[in-house]
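Trainee: my questions are about this predicted structure, shown below with the sequence.
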Amino acid sequence: MDSQKEITLYQLYIETILILRVRSAAMEEERRWEDLGIDCLGSVFSRLDLEDLTLSVPFVCKPWLEASMDVLCWRVLNLRDMDLMPWSSFSTRFKQAYNTKHFSFTGFMKTLIDRGRGSTVELAFSTERFASLQELEYASINCLKLKVLGLPNMFQEEDKHLPGFIEKWKDLEFLTMGRKPSSFLEIIERISLNCSSFRGLCLSGRIDSEDAFAIAKHLPKLKCLVMSGCSLGKRELLAILDGCRELQAVDVSNCTGFVPDDEIMRIASFVGEFKHEGAKMEEEYMVYYGDVYWGMDC
C-alpha cells in the first residue's frame, strides 16, 4: 500500500477522535464512539483502500462495521493493485477473517459490487489474472453508473464479447486497457455510439494504422490519451493528433517507433500537456542467415 496516498487505520482513529472532540465541545457533553454519525464514519472510510475496508474496519466494532456498509465506501473499486491470487497474503488473511476454506475472486468481486448497490462509478479489474465473461457480465448489469473502467485481461476467444459490455456503460468517461484486446476496433466504435461523455483512453501494446485511424475517426472529442510505452509509428501518432483536436493531455513517453522531431512537436503544439520523454525509433539488431548478417527492425 502506498503510504503517501493511503490513510492508515491509526490516522483514521486520530481523525475520528478529533471529530468526536469537536462535536463534544460544541454540545458540551461527552460523546461515545457509537454516537458518532454513521454518515460521518462512512465519509472517512471511503478514503480507505479495499484491503482495509474488507479486512480491518469491519472487525473493530459494530458501529464501524455498519458504517463500512455505506454505499459511499464502495463507489471506487480498484482491484488492479491488489494481489488476489489464491496463494497471496490477502487471500490467506481473507480466509482467516471470514472463516472460509477457499478464496474466490469472482465471489469477492460480486460482494464488493453488491455493497455499492448500483452506486459504483470506478471499477478497475486486476490484470494479474484473466477475467471471465461471468465477471464482466455481472459488472455490466450491476454497475450501470460506471464512469471509469480498467479492463481485465481476457482470453482472445472471449474478449470478442467486450464491445457488448462496453455499450451498456452509457456514462463511461475513461477506459484503461491493460492489454489491447482483439476487439479493440469494435470497442472504439461502440464507445463512439453509446458513451457521449467519453473523454479519456489509456492503451498498451502495438498501435497500428488501423487502430490510430479508428481513434481519430470515432473519438474526435478525446481529451486525454495515454500510450506510454506503446509501439507507435510517427504516421499513426500524427493521424491521432490530426483527428483528435480537443486533446488536452497526451502521454507517448518511452514509446518506440518515432522520435519527437520538429514536425511532431509543431502539430502537437495545441495539446496542453504533451509527454514524449524517452520516445525513440525501434532498435536494430543483426540476424545471421548462413554466412550473411542482415539488419532488422525489432
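Mentor: In hand now; what should we look at?

Trainee: just to check, Tyr46 is in contact with Leu72?
Mentor: Check again: residue 46 is Ser, not Tyr. Yes - look at Ser46 against Leu72 with CB atoms under 8 Å: they come within range, at 4.7 Å. For glycine as for every other residue, the C-beta is placed from the backbone atoms N, C-alpha and C.

Trainee: between those two, what contacts are shared?
Mentor: Common neighbours of Ser46 and Leu72, using CB atoms under 8 Å, 6 or more residues apart in numbering, do not exist here.

Trainee: neighbours of Arg115, how many?
Mentor: 18 (other CB atoms under 10 Å).

Trainee: and it, what element?
Mentor: In this assignment (DSSP states H and E), Arg115 forms part of helix 105-116.

Trainee: may I see the buried residues of that helix?
Mentor: Within helix 105-116, the residues that qualify as buried are Phe105, Phe108, Met109, Lys110, Leu112, Ile113, Arg115, Gly116, counting by 16 or more other CB atoms under 10 Å.

Trainee: need phi/psi at the closest residue to the first one other than its chain neighbours.
Mentor: Going back to what we said before, that points to Phe105. Excluding its sequence neighbours, the residue lying closest to Phe105 (CB to CB, 6 or more residues apart in numbering) is Leu84, at 5.2 Å. Leu84 adopts backbone torsions of phi -110, psi 20, taken as degrees, to the nearest 10.

Trainee: quickly find the element holding Thr127.
Mentor: Judged by DSSP H and E, Thr127 forms part of no helix or strand.

Trainee: one step back: can I get the buried residues of helix 105-116 in CSV with pLDDT and distance to Pro181?
Mentor: As requested, the buried residues of helix 105-116 are exported to CSV (pLDDT from 0 to 100; distance: CB to CB, whole Å):
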residue, pLDDT, distance to Pro181
Phe105, 88, 20
Phe108, 90, 23
Met109, 92, 19
Lys110, 93, 23
Leu112, 93, 23
Ile113, 94, 22
Arg115, 92, 28
Gly116, 92, 25
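
Trainee: quick one: which of the residues you listed is nearest Trp64?
Mentor: Closest to Trp64 out of those is Arg115 (14.6 Å), distances taken as CB to CB.

Trainee: next, work out how far apart the closest one and Phe90 are.
Mentor: Distance from Arg115 to Phe90, counting by CB to CB, to the nearest Å: 17 Å.

Trainee: now do the same for Arg129: its pLDDT.
Mentor: Confidence at Arg129, expressed as pLDDT, is 78.

Trainee: repeat for the one 10 residues further on
Mentor: If you check Ala139, the pLDDT there is 93.

Trainee: distance check, the residue nearest to Phe105 against Thr54.
Mentor: Noted for Leu84: a distance of 11 Å to Thr54, by CB to CB.

Trainee: check which residues of stretch 255-262 are buried.
Mentor: For stretch 255-262, by 16+ other CB under 10 Å, it's Cys255, Thr256, Gly257, Phe258, Pro260.

Trainee: what segments of this protein are helices?
Mentor: 9-27, 38-45, 50-55, 62-68, 89-97, 105-116, 133-142, 162-166, 184-194, 209-218, 234-243, 262-267 (DSSP state H).

Trainee: mind putting those into TSV with distance to Leu149?
Mentor: TSV is the format used below for the helices of the chain (distance: least, CB to CB, whole Å):
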stretch	distance to Leu149
helix 9-27	28
helix 38-45	23
helix 50-55	16
helix 62-68	24
helix 89-97	22
helix 105-116	13
helix 133-142	8
helix 162-166	8
helix 184-194	11
helix 209-218	17
helix 234-243	21
helix 262-267	30
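
Trainee: between those helices, which one is nearest to Phe274?
Mentor: helix 262-267 (7.8 Å).

Trainee: just how off-centre is the closest one within its chain?
Mentor: 31 Å (CA atoms, centre = their mean, to the nearest Å).

Trainee: my guess is Gln264 contacts Leu237, does it?
Mentor: Slight slip there: residue 264 is Ile, not Gln. Yes - with contacts counted by CB under 8 Å, Ile264 reaches Leu237, the gap being 6.6 Å.

Trainee: tell me which of these two has more neighbours.
Mentor: Between Ile264 and Leu237, counted using other CB under 10 Å, Leu237 has the larger neighbour count: 25 against 19.

Trainee: and that one, what pLDDT?
Mentor: Confidence score, pLDDT, at Leu237: 97.

Trainee: any low-confidence regions in this protein?
Mentor: 1-39, 283-298 (pLDDT under 70).

Trainee: thanks a lot, catch you later.
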